[in-house]
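Participant: sequence first, predicted model second:
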Amino acid sequence: MCASCSVGVNVYVAYPWEVMEVFEIVGGARLVGEVRVTGAKNSVLKLMAAALLAEGATTLREVPDILDVTYMAELLRRLGCVVERDVDARTLTIDVPEMPSHQADYDLVRKLRASINVLGPLLARCGEAHVALPGGDNIGSRGLDMHIDGLERLGASVRSEHGFLIATRTGRLHGAHVWLDFPSVGATENLLMAAVLAEGTTVIDNAAREPEIVDICTMLQSMGAQLGGVGSSTLTIEGVDSLSPTDHTTVPDRLVAGTWAVGVVMAGGEITIRNANAAHLAIVLDKLTDAGAHVDVTSDGFRVVGESRPRSVDVVTLPYPGFPTDLQPHFIAMNSIASGTAMVTENLFEARFRFVNEMVRLGADVRTDGHHALIRGRESLSGAPVEAADIRAGAGLVLAGLVASGTTTIYEPHHIDRGYEGFLPDLVRLGADVTRKVVSDSS
Ligand code: UD1
């Protein structure tokens, strides 16, 4: 009710405009210098969930300063943990109570799909977990069937009720042989975190083996978990009665490192990427070499030199060690200005090609047909207003903006902020003309 009105009517004020942030990029600069990558977003969120498995204070290091970590920290606080973060030191300490509460509500889950990763640890620790269903997102529907089937194999009952996934157990979970239909990252992580406290031996076959999975395995081992086959597609877990808190350093973010590598190949120049693991990007760096880049491995990372217009390269996304789907938009952007024609095949997330419409606004010649995108490289792109629909599409658009003539304005850049700490300041230090602006939207 309007406070100043004497009658009980609702008053809605329709503003003709609202303010919003954008990234504004003036293309044409080469990128020269050094960047340092922090810990991986796709790992640290799961490491935070894994901390729930042990009572007491776990410290995580190389924690990136991104919003998703803030959301996950808030989720853990609501579960009863005391979470302290030192952004400058990049550390996060999670003090887990003897018995955390077990409910993750929709208001946070909808902001952070990775909150589904508390399902396994809460079930193992508390005997039940109520996690709001995350729904789909901008890169397509993302199923949970493998998470559910796997937990049921371990003896849990799982049902969906009032928008929550409710998992319960009577007695301890028990070891089982689980075959995943597909090496799902999230399902492997959830099952792993449930199985470490189960009774007996669990085998996860066709497990994901991304570096982030190896990272969580290493952390669990340091907490006392008994794991075999780490880094392979068959994980063996001998359940233990309890785990202890630990101190763990997050694996470097290969997707951020890969973004810099593609960026310099597109814009030209030379970037030394520190705190990066070239082995985690083997296929990506090999493709960039095919495109004409020079790549040298250094003591704590690698250096990429882009000297001339890149050549087109075909890409097929697959689970690790295949080509990462999260760098697919970057390669569409690179192929858009490369010499030749390339085929990019997306096998993981059907909606990731939505970003192609934005590339077309920048003048790219891309046609999609189902899982395939055909890209005919053009000499140049031309700056235009575009919208970042998700983290990786946003990063791909930033790279395209760096080489487009004139100004590219990227709307909804908060998606990019979710995955890239200090992206703009780093770009500016490397020589790019990029600013964050507040604009008004009159639509
Ligand atoms: C994680 C990453 C994401 C990356 C993806 C694949 C995080 C926060 N996100 O997402 O950036 O692109 O791995 O490397 O770490 N699927 C099912 N049923 C399931 C589970 C998955 O059908 O039970 C499908 C998904 O819809 C998708 C595919 O399997 O098509 C891959 O999903 P998954 O590997 O589980 O990815 P995420 O863990 O969601």
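Facilitator: The structure has been received and is ready for your questions.
Participant: which parts of stretch 243-258 are buried?
Facilitator: Within stretch 243-258, the residues scored as buried using 16 or more other C-beta atoms under 10 Å are 243, 245-246, 248-258. No exception for glycine: its C-beta is placed from N, CA and C like everyone else's.
Participant: got those residues as CSV, with pLDDT columns?
Facilitator: Formatted as CSV, the buried residues of stretch 243-258 follow (pLDDT from 0 to 100):
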residue, pLDDT
Leu243, 98
Pro245, 98
Thr246, 98
His248, 98
Thr249, 98
Thr250, 98
Val251, 98
Pro252, 98
Asp253, 98
Arg254, 98
Leu255, 98
Val256, 98
Ala257, 98
Gly258, 98
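Participant: could I get those residues as TSV with secondary structure?
Facilitator: Putting those into TSV (DSSP: H, G, I helix; E, B strand; the rest coil) gives the following:
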residue	secondary structure
Leu243	coil
Pro245	coil
Thr246	coil
His248	strand
Thr249	strand
Thr250	coil
Val251	coil
Pro252	strand
Asp253	coil
Arg254	helix
Leu255	helix
Val256	helix
Ala257	helix
Gly258	helix
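Participant: stretch 365-378 close to the ligand?
Facilitator: No: with C-beta under 6 Å from any ligand atom as the criterion, the ligand is not reached by stretch 365-378; the gap is at least 11.5 Å.
Participant: tell me what the nearest residue to Val63 once chain neighbours are set aside is bridged to.
Facilitator: Leaving aside its chain neighbours, Val63 sits nearest to Leu92 (4.6 Å; criterion: C-beta to C-beta, 6 or more residues apart in numbering). For Leu92, the beta-bridge assignment (DSSP bridges) gives partners Leu60, Arg85.
Participant: near the ligand, which residues of the stretch 201-350 of the chain are found?
Facilitator: Contact residues (C-beta under 6 Å from any ligand atom) of the stretch 201-350 of the chain with the ligand: Ala208, Thr325, Asp326, Leu348, Phe349.
Participant: that older thread, contacting residues for the residue nearest to Val63?
Facilitator: Val44, Met48, Thr59, Leu60, Val63, Val69, Ala73, Val83, Glu84, Arg85, Asp86 (C-beta atoms under 8 Å, 6 or more residues apart in numbering).
Participant: closest to Ser312 out of the residues you listed?
Facilitator: Among the contacts of Leu92, Val44 lies closest to Ser312 (C-beta to C-beta), at 34.6 Å.
Participant: and that closest one, what helix or strand is that in?
Facilitator: Using DSSP states H and E, Val44 falls within helix 41-50.
Participant: so how far is that helix off the chain centroid?
Facilitator: Per C-alpha atoms, centre = their mean, to the nearest Å, the displacement of helix 41-50 from the mean C-alpha position of its chain is 10 Å.
Participant: avg pLDDT for it?
Facilitator: Average pLDDT, helix 41-50: 97.
Participant: what does it contact?
Facilitator: 60, 62-64, 66, 68-69, 72-73, 76, 92, 94, 112, 114, 117-118, 120-121, 185, 189, 193, 210-212, 215-216, 219-220, 223, 248, 250-251, 253, 255, 326, 418-419.
Participant: quick one: it near the ligand?
Facilitator: Yes: using C-beta under 6 Å from any ligand atom, helix 41-50 reaches the ligand at Asn42, Leu45.
Participant: quick one: name the residues of the stretch 1-150 of the chain near the ligand.
Facilitator: Counting by C-beta under 6 Å from any ligand atom, the residues of the stretch 1-150 of the chain near the ligand are Asn42, Leu45, Ala114, Arg142, Gly143, Leu144, Asp145, Met146, His147.
Participant: out of the residues you listed, which end up buried?
Facilitator: By 16+ other C-beta under 10 Å, those give Asn42, Leu45, Ala114, Arg142, Leu144, Met146, His147 as buried.
Participant: and these, which two are furthest apart?
Facilitator: For these, the maximum inter-member distance is 18.6 Å, found between Leu45 and Met146 (C-beta to C-beta).
Participant: so Val438 bridges to which residues?
Facilitator: Going by DSSP bridges, Val438 forms beta bridges with Glu21.
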